[in-house]
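Fold the stuff below for me.
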Amino acid sequence: MFSMTLFLSHFVSDFAFSNVYSDKFLDKSSYYKHLIWVLLVFLAFNFDMLTGWMLLIVSLSVLLHIGIDLLRIRNKNTNIYFEIIFLAAFLIWSYLFRNFFQDSFLSNVFQFYIVGMIVTTSFGSFLFRTFNLFEKERKDTIGASERLAIFIFIMAQNYLWSIIAVGAGLAYKLIFVKEKNIKELILSPTYAILVSLLWFLLMQNIY
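Sure thing, here's the model as predicted:
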């Protein structure tokens, strides 16, 4: 596998702790808040690569990300096709410049692990909003936390704690969440289990 810090930076910037469907996210007057987050994320994942050509590539990547954000804001909306196209574009972008980032302080294994974590948690929330499992403006802190715990334990091959995490998540939602969403109750842990197992197999075979 190749170094994908540029893809990871874009992915985390737009999906970790963010809701691309939110009116606030699509409001140009508050874009500066997201821009600060973007700069911090790109810096975090590329902090040891900010010299020479790599500094130029990272800077161009930030500008590309900003361009995607502004296109979203101009359209005042987004959809799964828009997001997948630009995720794929950033993955190709990372591949094209892979040789420049092969000595990144962040190992390829760790990068791939973080991608899997975001796919399981925040990107899962995006998919649930996309397919109307719940409202597009709704936060999914509880569901994302549940899926994060499941991902961590499955990747650690601690299946007992994975089962406990599923049970604890269901119990919390049934006891403390006023509006019960039966589809979300079932699909959130199911999605987490399936993606986590898939990611574990991918990591076993790739690395």
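
Report the contact partners of the spatially closest residue to Val41 that is not a sequence neighbour.
Excluding the flanking residues, the one nearest Val41 by Cβ to Cβ, 6 or more residues apart in numbering is Ser13, at 4.6 Å. (Glycine included, C-beta is placed from N, CA and C.) Residues in contact with Ser13 (Cβ atoms under 8 Å, 6 or more residues apart in numbering) are His34, Trp37, Val38, Val41, Phe42, His65.

Any idea how far the host helix or strand of Lys33 is from the middle of the chain?
Assigned by DSSP states H and E, Lys33 belongs to helix 31-46. Relative to its chain's centre, helix 31-46 lies at 14 Å (Cα atoms, centre = their mean, to the nearest Å).

Then stretch 67-79?
Averaging C-alpha positions (Cα atoms, centre = their mean) puts stretch 67-79 18 Å from its chain's average.

same question, stretch 56-66
Per Cα atoms, centre = their mean, the centroid offset for stretch 56-66 relative to its chain is 19 Å.

pLDDT at the spatially most central residue of the chain, what is it?
The centre of the chain sits closest to Ile118, judged by Cα atoms, centre = their mean, with a distance of 3.3 Å. What the model reports for Ile118 is a pLDDT of 97.

for it, what are its contacts?
Phe11, Val12, Phe15, Ala16.

What angle do helix 31-46 and the helix or strand in which it is found make with each other?
Assigned by DSSP H and E, Ile118 falls within helix 108-120. Helix 108-120 runs at 150 degrees relative to helix 31-46, counting by axes from the mean of the first three to the mean of the last three Cα atoms, to 10 degrees.

Just the CA coordinates for the helix or strand hosting the residue nearest to Val41, please, in PDB.
Per DSSP H and E, Ser13 falls inside helix 5-15. C-alpha atoms of helix 5-15 as PDB (Å, rounded to 0.1, in the frame of the first residue of the first chain):
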ATOM      1  CA  THR A   5      -1.600  11.300   4.100                       C
ATOM      2  CA  LEU A   6      -3.100  13.800   1.500                       C
ATOM      3  CA  PHE A   7      -6.300  11.600   1.100                       C
ATOM      4  CA  LEU A   8      -6.400  11.100   4.900                       C
ATOM      5  CA  SER A   9      -6.200  14.800   5.400                       C
ATOM      6  CA  HIS A  10      -9.100  15.500   3.100                       C
ATOM      7  CA  PHE A  11     -11.200  12.600   4.400                       C
ATOM      8  CA  VAL A  12     -10.700  13.600   8.100                       C
ATOM      9  CA  SER A  13     -11.200  17.300   7.400                       C
ATOM     10  CA  ASP A  14     -14.700  16.800   5.800                       C
ATOM     11  CA  PHE A  15     -16.000  13.800   7.800                       C
END
